[in-house]
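*Asks:* Provided below for reference: sequence and predicted model.
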Amino acid sequence: MWNTLRSRFTSWDYILAALVVVLLVTASLVQPGFSGGFNFANSVSQMSDKALLVLPLALLIIAREIDISVASIAGLSGVVLGMALQAGLPLAVAVTLAMLSGTVCGALNALLVTVVGLPSLVVTLGTLALFRGLCYVLLGGTPITDVPLSLITFGNETLPGTYLPWDIVPFLVLAPLFALYLHRTATGRRTYAIGGGPEIAVYSGVRVDRIRFGLFVVSGIVAALAGIITVARTSQAAPDGALGFELDAITVVFLGGVSVLGGKGRMPGVYWALVLVVALRSMLQLANVSGYAQGAAVGLLLILSLLITNTTHQIHAALISRRLRKAAVPQPTGP
(Lines give C-alpha, C1' and ligand atoms only; values in the text may rest on other atoms or scores of the structure.)
Protein backbone atom coordinates (compact mmCIF):
# COMPACT_ATOMS: atom_id res chain seq x y z
CA MET A 1 0.00 0.00 0.00
CA TRP A 2 2.85 2.38 0.83
CA ASN A 3 4.45 1.73 -2.58
CA THR A 4 1.15 2.50 -4.28
CA LEU A 5 0.74 5.79 -2.41
CA ARG A 6 4.35 6.73 -3.03
CA SER A 7 4.11 6.06 -6.78
CA ARG A 8 0.84 8.01 -6.96
CA PHE A 9 2.08 11.10 -5.16
CA THR A 10 5.37 11.11 -7.07
CA SER A 11 3.57 10.94 -10.42
CA TRP A 12 3.94 13.90 -12.77
CA ASP A 13 0.28 14.89 -12.31
CA TYR A 14 0.72 15.44 -8.57
CA ILE A 15 4.07 17.17 -9.05
CA LEU A 16 2.44 19.60 -11.50
CA ALA A 17 -0.44 20.18 -9.10
CA ALA A 18 2.05 21.03 -6.33
CA LEU A 19 3.92 23.40 -8.66
CA VAL A 20 0.66 25.13 -9.56
CA VAL A 21 -0.22 25.64 -5.88
CA VAL A 22 3.25 26.99 -5.09
CA LEU A 23 3.18 29.34 -8.09
CA LEU A 24 -0.31 30.65 -7.30
CA VAL A 25 0.50 31.28 -3.64
CA THR A 26 3.83 32.93 -4.48
CA ALA A 27 2.31 35.13 -7.18
CA SER A 28 -0.54 36.17 -4.89
CA LEU A 29 1.95 37.27 -2.24
CA VAL A 30 4.52 38.89 -4.51
CA GLN A 31 2.54 40.31 -7.45
CA PRO A 32 -0.09 42.96 -6.59
CA GLY A 33 -3.42 42.33 -8.29
CA PHE A 34 -2.66 38.75 -9.24
CA SER A 35 -5.40 37.27 -7.09
CA GLY A 36 -7.98 39.87 -8.11
CA GLY A 37 -11.13 38.91 -9.97
CA PHE A 38 -10.35 41.16 -12.95
CA ASN A 39 -6.93 39.57 -13.47
CA PHE A 40 -8.45 36.09 -13.17
CA ALA A 41 -11.09 36.85 -15.81
CA ASN A 42 -8.58 38.50 -18.13
CA SER A 43 -5.98 35.71 -17.82
CA VAL A 44 -8.50 32.92 -18.36
CA SER A 45 -10.08 34.69 -21.32
CA GLN A 46 -6.72 35.22 -23.03
CA MET A 47 -6.03 31.47 -22.86
CA SER A 48 -9.56 30.29 -23.74
CA ASP A 49 -8.85 29.71 -27.43
CA LYS A 50 -5.38 28.26 -26.83
CA ALA A 51 -6.81 25.90 -24.21
CA LEU A 52 -9.12 24.39 -26.83
CA LEU A 53 -6.17 23.66 -29.13
CA VAL A 54 -4.54 21.65 -26.35
CA LEU A 55 -7.32 19.02 -26.30
CA PRO A 56 -6.92 17.43 -29.76
CA LEU A 57 -3.15 17.97 -29.72
CA ALA A 58 -2.81 15.83 -26.60
CA LEU A 59 -4.68 12.94 -28.24
CA LEU A 60 -2.70 13.21 -31.46
CA ILE A 61 0.67 13.24 -29.71
CA ILE A 62 -0.33 10.26 -27.57
CA ALA A 63 -1.16 8.51 -30.87
CA ARG A 64 2.37 9.39 -32.09
CA GLU A 65 1.13 12.11 -34.45
CA ILE A 66 1.09 15.90 -34.32
CA ASP A 67 -0.84 18.79 -35.84
CA ILE A 68 1.10 22.03 -35.80
CA SER A 69 -1.37 23.64 -38.21
CA VAL A 70 -4.06 24.05 -35.53
CA ALA A 71 -3.42 27.78 -35.10
CA SER A 72 -3.56 28.35 -38.86
CA ILE A 73 -6.82 26.38 -39.06
CA ALA A 74 -8.18 28.58 -36.26
CA GLY A 75 -7.07 31.69 -38.14
CA LEU A 76 -8.61 30.53 -41.42
CA SER A 77 -11.88 29.58 -39.72
CA GLY A 78 -11.99 33.04 -38.15
CA VAL A 79 -11.48 34.60 -41.58
CA VAL A 80 -14.32 32.50 -43.03
CA LEU A 81 -16.52 33.62 -40.13
CA GLY A 82 -15.67 37.28 -40.73
CA MET A 83 -16.25 37.09 -44.48
CA ALA A 84 -19.60 35.36 -43.96
CA LEU A 85 -20.69 38.05 -41.50
CA GLN A 86 -19.49 40.80 -43.84
CA ALA A 87 -21.60 39.24 -46.60
CA GLY A 88 -24.68 39.68 -44.42
CA LEU A 89 -25.21 36.05 -43.47
CA PRO A 90 -26.81 35.28 -40.08
CA LEU A 91 -24.45 34.54 -37.21
CA ALA A 92 -25.56 30.89 -36.99
CA VAL A 93 -24.84 30.33 -40.69
CA ALA A 94 -21.47 32.08 -40.43
CA VAL A 95 -20.48 29.95 -37.44
CA THR A 96 -21.54 26.80 -39.34
CA LEU A 97 -19.38 27.78 -42.32
CA ALA A 98 -16.42 28.45 -40.03
CA MET A 99 -16.81 25.06 -38.37
CA LEU A 100 -17.13 23.43 -41.79
CA SER A 101 -13.89 25.06 -42.96
CA GLY A 102 -12.07 23.67 -39.93
CA THR A 103 -13.50 20.23 -40.62
CA VAL A 104 -12.27 20.36 -44.23
CA CYS A 105 -8.80 21.46 -43.11
CA GLY A 106 -8.64 18.63 -40.58
CA ALA A 107 -9.83 16.13 -43.21
CA LEU A 108 -7.11 17.33 -45.61
CA ASN A 109 -4.44 16.69 -42.97
CA ALA A 110 -6.01 13.30 -42.25
CA LEU A 111 -6.03 12.28 -45.92
CA LEU A 112 -2.40 13.24 -46.45
CA VAL A 113 -1.32 11.33 -43.33
CA THR A 114 -3.50 8.20 -43.42
CA VAL A 115 -4.14 7.72 -47.16
CA VAL A 116 -1.06 9.19 -48.83
CA GLY A 117 1.16 8.07 -45.95
CA LEU A 118 3.11 11.27 -45.35
CA PRO A 119 4.55 12.08 -41.90
CA SER A 120 2.18 14.28 -39.91
CA LEU A 121 4.95 16.69 -38.90
CA VAL A 122 5.79 17.44 -42.54
CA VAL A 123 2.13 17.55 -43.61
CA THR A 124 0.99 19.93 -40.91
CA LEU A 125 4.10 22.09 -41.35
CA GLY A 126 3.04 22.53 -44.96
CA THR A 127 -0.62 23.13 -44.20
CA LEU A 128 0.38 25.58 -41.46
CA ALA A 129 1.84 27.78 -44.20
CA LEU A 130 -0.96 26.95 -46.66
CA PHE A 131 -3.85 27.85 -44.37
CA ARG A 132 -2.14 30.98 -43.06
CA GLY A 133 -1.38 32.06 -46.62
CA LEU A 134 -5.06 31.63 -47.51
CA CYS A 135 -5.94 33.99 -44.66
CA TYR A 136 -3.90 36.76 -46.26
CA VAL A 137 -5.11 35.92 -49.76
CA LEU A 138 -8.76 36.15 -48.70
CA LEU A 139 -8.44 39.32 -46.61
CA GLY A 140 -5.44 41.00 -48.18
CA GLY A 141 -4.11 42.02 -44.79
CA THR A 142 -7.18 44.04 -43.79
CA PRO A 143 -9.12 42.75 -40.76
CA ILE A 144 -12.91 42.57 -40.71
CA THR A 145 -14.42 44.46 -37.80
CA ASP A 146 -18.09 43.93 -38.66
CA VAL A 147 -18.70 41.53 -35.76
CA PRO A 148 -22.14 41.21 -34.10
CA LEU A 149 -22.50 42.55 -30.58
CA SER A 150 -23.69 39.15 -29.30
CA LEU A 151 -20.42 37.54 -30.43
CA ILE A 152 -18.35 40.36 -28.92
CA THR A 153 -20.25 39.98 -25.66
CA PHE A 154 -19.51 36.26 -25.62
CA GLY A 155 -15.80 36.93 -26.03
CA ASN A 156 -15.48 39.76 -23.53
CA GLU A 157 -18.08 39.35 -20.79
CA THR A 158 -18.28 37.05 -17.77
CA LEU A 159 -21.05 34.82 -16.51
CA PRO A 160 -23.53 36.84 -14.45
CA GLY A 161 -22.40 37.22 -10.86
CA THR A 162 -19.00 35.59 -11.46
CA TYR A 163 -15.53 36.36 -12.80
CA LEU A 164 -15.68 33.37 -15.16
CA PRO A 165 -15.51 34.45 -18.83
CA TRP A 166 -18.11 33.15 -21.26
CA ASP A 167 -15.43 32.16 -23.79
CA ILE A 168 -13.92 29.53 -21.46
CA VAL A 169 -17.22 27.65 -21.30
CA PRO A 170 -16.58 25.58 -24.49
CA PHE A 171 -13.31 24.35 -22.99
CA LEU A 172 -14.97 23.50 -19.67
CA VAL A 173 -17.55 21.46 -21.57
CA LEU A 174 -15.10 19.64 -23.86
CA ALA A 175 -12.26 19.01 -21.37
CA PRO A 176 -14.06 16.27 -19.36
CA LEU A 177 -15.34 14.70 -22.59
CA PHE A 178 -11.80 14.36 -23.95
CA ALA A 179 -10.64 12.92 -20.62
CA LEU A 180 -13.48 10.40 -20.62
CA TYR A 181 -12.68 9.41 -24.20
CA LEU A 182 -9.01 8.82 -23.47
CA HIS A 183 -9.28 7.13 -20.08
CA ARG A 184 -12.69 5.45 -20.07
CA THR A 185 -13.39 4.19 -23.59
CA ALA A 186 -12.07 1.32 -25.71
CA THR A 187 -11.10 3.76 -28.47
CA GLY A 188 -9.05 5.72 -25.96
CA ARG A 189 -7.15 2.59 -25.02
CA ARG A 190 -6.60 1.91 -28.71
CA THR A 191 -5.20 5.45 -29.05
CA TYR A 192 -2.59 4.56 -26.42
CA ALA A 193 -1.90 1.32 -28.28
CA ILE A 194 -1.28 3.20 -31.53
CA GLY A 195 1.18 5.51 -29.80
CA GLY A 196 2.91 2.59 -28.11
CA GLY A 197 3.48 0.80 -31.41
CA PRO A 198 1.44 1.34 -34.59
CA GLU A 199 2.59 -1.92 -36.18
CA ILE A 200 1.69 -3.96 -33.12
CA ALA A 201 -1.66 -2.18 -32.92
CA VAL A 202 -2.43 -3.14 -36.53
CA TYR A 203 -1.66 -6.81 -35.86
CA SER A 204 -3.86 -6.59 -32.75
CA GLY A 205 -6.84 -5.66 -34.90
CA VAL A 206 -6.86 -1.91 -34.14
CA ARG A 207 -8.08 0.19 -37.07
CA VAL A 208 -5.17 2.56 -36.84
CA ASP A 209 -5.87 4.72 -39.88
CA ARG A 210 -9.53 5.16 -38.98
CA ILE A 211 -8.68 6.39 -35.48
CA ARG A 212 -5.92 8.67 -36.71
CA PHE A 213 -8.21 10.07 -39.41
CA GLY A 214 -10.85 10.83 -36.79
CA LEU A 215 -8.33 12.51 -34.50
CA PHE A 216 -7.17 14.88 -37.27
CA VAL A 217 -10.75 15.76 -38.19
CA VAL A 218 -11.58 16.44 -34.54
CA SER A 219 -8.46 18.59 -34.35
CA GLY A 220 -9.74 20.69 -37.25
CA ILE A 221 -13.21 21.05 -35.72
CA VAL A 222 -11.89 22.12 -32.32
CA ALA A 223 -9.40 24.50 -33.96
CA ALA A 224 -12.30 26.11 -35.85
CA LEU A 225 -14.11 26.61 -32.56
CA ALA A 226 -10.96 28.22 -31.17
CA GLY A 227 -10.85 30.52 -34.20
CA ILE A 228 -14.44 31.63 -33.58
CA ILE A 229 -13.57 32.41 -29.95
CA THR A 230 -10.52 34.39 -31.12
CA VAL A 231 -12.76 36.53 -33.33
CA ALA A 232 -15.19 37.03 -30.45
CA ARG A 233 -12.41 37.93 -28.01
CA THR A 234 -10.57 40.35 -30.32
CA SER A 235 -13.76 41.73 -31.96
CA GLN A 236 -12.28 41.26 -35.42
CA ALA A 237 -11.42 38.62 -38.01
CA ALA A 238 -7.77 39.24 -38.89
CA PRO A 239 -5.43 37.29 -41.19
CA ASP A 240 -3.00 36.90 -38.29
CA GLY A 241 -5.66 35.63 -35.90
CA ALA A 242 -4.39 32.92 -33.53
CA LEU A 243 -0.89 33.39 -34.93
CA GLY A 244 1.66 31.45 -32.85
CA PHE A 245 -0.95 29.80 -30.62
CA GLU A 246 0.45 26.37 -31.44
CA LEU A 247 3.55 27.15 -29.36
CA ASP A 248 1.56 27.53 -26.14
CA ALA A 249 -0.60 24.50 -26.96
CA ILE A 250 2.36 22.20 -27.66
CA THR A 251 4.15 23.48 -24.55
CA VAL A 252 1.15 22.64 -22.38
CA VAL A 253 0.87 19.14 -23.84
CA PHE A 254 4.50 18.23 -23.29
CA LEU A 255 4.67 19.95 -19.91
CA GLY A 256 1.62 17.90 -18.95
CA GLY A 257 3.65 14.71 -19.25
CA VAL A 258 2.66 13.52 -22.72
CA SER A 259 5.61 11.70 -24.25
CA VAL A 260 7.01 13.07 -27.49
CA LEU A 261 7.35 9.43 -28.60
CA GLY A 262 3.65 8.76 -28.05
CA GLY A 263 1.80 6.15 -26.03
CA LYS A 264 2.10 7.95 -22.68
CA GLY A 265 0.30 10.84 -21.05
CA ARG A 266 -2.80 11.72 -19.07
CA MET A 267 -5.31 14.52 -19.52
CA PRO A 268 -5.26 15.60 -15.82
CA GLY A 269 -1.56 16.36 -16.16
CA VAL A 270 -2.25 18.37 -19.30
CA TYR A 271 -4.91 20.39 -17.50
CA TRP A 272 -2.58 21.15 -14.59
CA ALA A 273 0.06 22.25 -17.09
CA LEU A 274 -2.49 24.55 -18.71
CA VAL A 275 -3.19 26.22 -15.36
CA LEU A 276 0.57 26.59 -14.83
CA VAL A 277 1.07 28.32 -18.19
CA VAL A 278 -1.94 30.61 -17.60
CA ALA A 279 -0.55 31.62 -14.20
CA LEU A 280 2.94 32.16 -15.61
CA ARG A 281 1.69 34.38 -18.43
CA SER A 282 -0.45 36.32 -15.97
CA MET A 283 2.54 36.95 -13.71
CA LEU A 284 4.67 38.14 -16.63
CA GLN A 285 1.93 40.40 -17.92
CA LEU A 286 1.40 42.03 -14.52
CA ALA A 287 5.16 42.53 -14.32
CA ASN A 288 4.95 44.49 -17.61
CA VAL A 289 6.96 41.88 -19.50
CA SER A 290 6.55 42.31 -23.26
CA GLY A 291 4.72 39.79 -25.40
CA TYR A 292 7.94 38.81 -27.15
CA ALA A 293 9.62 38.07 -23.81
CA GLN A 294 6.57 36.04 -22.79
CA GLY A 295 6.91 34.02 -25.98
CA ALA A 296 10.57 33.42 -25.18
CA ALA A 297 9.61 32.26 -21.69
CA VAL A 298 7.06 29.84 -23.11
CA GLY A 299 9.64 28.53 -25.59
CA LEU A 300 12.10 27.96 -22.75
CA LEU A 301 9.36 26.21 -20.78
CA LEU A 302 8.76 23.94 -23.79
CA ILE A 303 12.42 22.90 -23.87
CA LEU A 304 12.46 22.33 -20.12
CA SER A 305 9.25 20.28 -20.29
CA LEU A 306 10.77 18.03 -22.97
CA LEU A 307 13.92 17.58 -20.89
CA ILE A 308 11.97 16.84 -17.71
CA THR A 309 9.52 14.39 -19.27
CA ASN A 310 12.28 12.63 -21.21
CA THR A 311 14.42 12.29 -18.07
CA THR A 312 11.41 11.08 -16.06
CA HIS A 313 10.60 8.37 -18.61
CA GLN A 314 14.25 7.26 -18.70
CA ILE A 315 14.42 6.98 -14.91
CA HIS A 316 11.12 5.09 -14.82
CA ALA A 317 12.33 2.67 -17.50
CA ALA A 318 15.62 2.15 -15.67
CA LEU A 319 13.81 1.37 -12.40
CA ILE A 320 11.56 -1.17 -14.12
CA SER A 321 14.54 -2.78 -15.82
CA ARG A 322 16.37 -2.99 -12.48
CA ARG A 323 13.39 -4.65 -10.80
CA LEU A 324 13.09 -7.18 -13.63
CA ARG A 325 16.79 -8.05 -13.38
CA LYS A 326 16.52 -8.44 -9.62
CA ALA A 327 13.48 -10.69 -9.99
CA ALA A 328 15.30 -12.80 -12.58
CA VAL A 329 18.27 -13.51 -10.27
CA PRO A 330 17.81 -17.01 -8.80
CA GLN A 331 17.54 -17.02 -5.03
CA PRO A 332 19.97 -19.28 -3.12
CA THR A 333 18.42 -22.42 -1.74
CA GLY A 334 19.22 -23.91 1.62
CA PRO A 335 21.12 -27.20 2.07
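*Replies:* That came through fine.
*Asks:* Any stretches of the stretch 1-150 of the chain with poor pLDDT?
*Replies:* Scanning the stretch 1-150 of the chain with the threshold set as pLDDT under 70 gives 1-10.
*Asks:* at 90 instead, please
*Replies:* Where the stretch 1-150 of the chain drops to pLDDT under 90, the residues are 1-16, 18-19, 23, 27, 30-35, 140-142, 146.
*Asks:* How about the contacts made by the nearest residue to residue 276 once chain neighbours are set aside?
*Replies:* Of all residues beyond its chain neighbours, the one nearest residue 276 is residue 20 (5.2 Å), with distances taken as C-beta to C-beta, 6 or more residues apart in numbering. Backbone N, C-alpha and C define where each C-beta goes, glycine included. Applying C-beta atoms under 8 Å, 6 or more residues apart in numbering to residue 20 gives the contacts 272, 275-276, 279.
*Asks:* Reformat the residues you listed as JSON lines; add neighbour count and secondary structure.
*Replies:* Formatted as JSON lines, the contacts of residue 20 follow (neighbours: other C-beta atoms under 10 Å; DSSP: H, G, I helix; E, B strand; the rest coil):
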{"residue": "272", "neighbour count": "24", "secondary structure": "helix"}
{"residue": "275", "neighbour count": "20", "secondary structure": "helix"}
{"residue": "276", "neighbour count": "22", "secondary structure": "helix"}
{"residue": "279", "neighbour count": "20", "secondary structure": "helix"}
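*Asks:* Secondary structure element holding the residue nearest to residue 276?
*Replies:* Assigned by DSSP states H and E, residue 20 belongs to helix 12-30.
*Asks:* Would you mark the buried spots in that helix?
*Replies:* Buried residues in helix 12-30, counted by 16 or more other C-beta atoms under 10 Å: 12-13, 15-17, 19-20, 23-24, 27.
*Asks:* any idea how far residue 213 is from residue 194?
*Replies:* According to C-beta to C-beta, to the nearest Å, residue 194 and residue 213 sit 12 Å apart.
*Asks:* between these two, which one's more packed in?
*Replies:* With neighbours defined as other C-beta atoms under 10 Å, residue 194 and residue 213 compare such that residue 194 has more, 26 against 19.
*Asks:* quick one on the thing from earlier: distance check, the residue nearest to residue 276 against residue 279.
*Replies:* From residue 20 over to residue 279 the distance is 7 Å, taken as C-beta to C-beta.
*Asks:* From residue 297, how far out is residue 97?
*Replies:* Separation of residue 97 from residue 297 (C-beta to C-beta): 37 Å.
*Asks:* got it, and residue 58?
*Replies:* 22 Å.
*Asks:* Compare neighbour counts for those two and give me the winner.
*Replies:* Taking other C-beta under 10 Å, residue 58 and residue 297 do not tie; residue 58 has more neighbours (28 against 17).
*Asks:* nearest spatial neighbour of residue 13, skipping sequence neighbours?
*Replies:* Distance criterion C-beta to C-beta, 6+ apart; nearest residue to residue 13, sequence neighbours excluded, is residue 269 at 4.4 Å.
*Asks:* just the angle between the helix or strand encompassing that neighbour and helix 12-30, please?
*Replies:* Using DSSP H and E, residue 269 maps to helix 267-286. On the basis of axes from the mean of the first three to the mean of the last three C-alpha atoms, to 10 degrees, helix 267-286 is oriented at 20 degrees to helix 12-30.
*Asks:* Residues in contact with stretch 256-266: which ones?
*Replies:* Residues from elsewhere that reach stretch 256-266 (C-beta under 8 Å, 6+ apart): 12-13, 16, 58, 61-65, 182-183, 192-197, 253-254, 267, 269-274, 306, 309-310, 312-313.
*Asks:* Quick one: end-to-end length of it, please.
*Replies:* From its first residue to its last, stretch 256-266 covers 8 Å (C-alpha to C-alpha, to the nearest Å).
*Asks:* what about that stretch, distance to the chain center?
*Replies:* The chain centre lies 13 Å from the centre of stretch 256-266; the measure is C-alpha atoms, centre = their mean, to the nearest Å.
*Asks:* Identify each buried residue in that stretch, please.
*Replies:* Those would be 256-260, 262-266, for stretch 256-266 by 16+ other C-beta under 10 Å.
*Asks:* Which one of the residues you listed is nearest to residue 206?
*Replies:* residue 263 (12.7 Å; C-beta to C-beta).
*Asks:* how much space between the closest one and residue 113?
*Replies:* From residue 263 across to residue 113, the span is 18 Å (C-beta to C-beta).
*Asks:* go on, residue 63?
*Replies:* Distance, residue 63 to residue 113, using C-beta to C-beta: 11 Å.
*Asks:* what's the overlap in contacts for the two?
*Replies:* Residues touching both residue 63 and residue 113 (C-beta under 8 Å, 6+ apart): residue 212.
*Asks:* wait, doesn't residue 175 sit right on residue 271?
*Replies:* Yes: Residue 175 is within contact range of residue 271, at 6.5 Å (criterion: C-beta atoms under 8 Å).
*Asks:* So between those two, which is more surrounded?
*Replies:* More crowded of residue 175 and residue 271, by other C-beta under 10 Å: residue 271, with 25 against 19.
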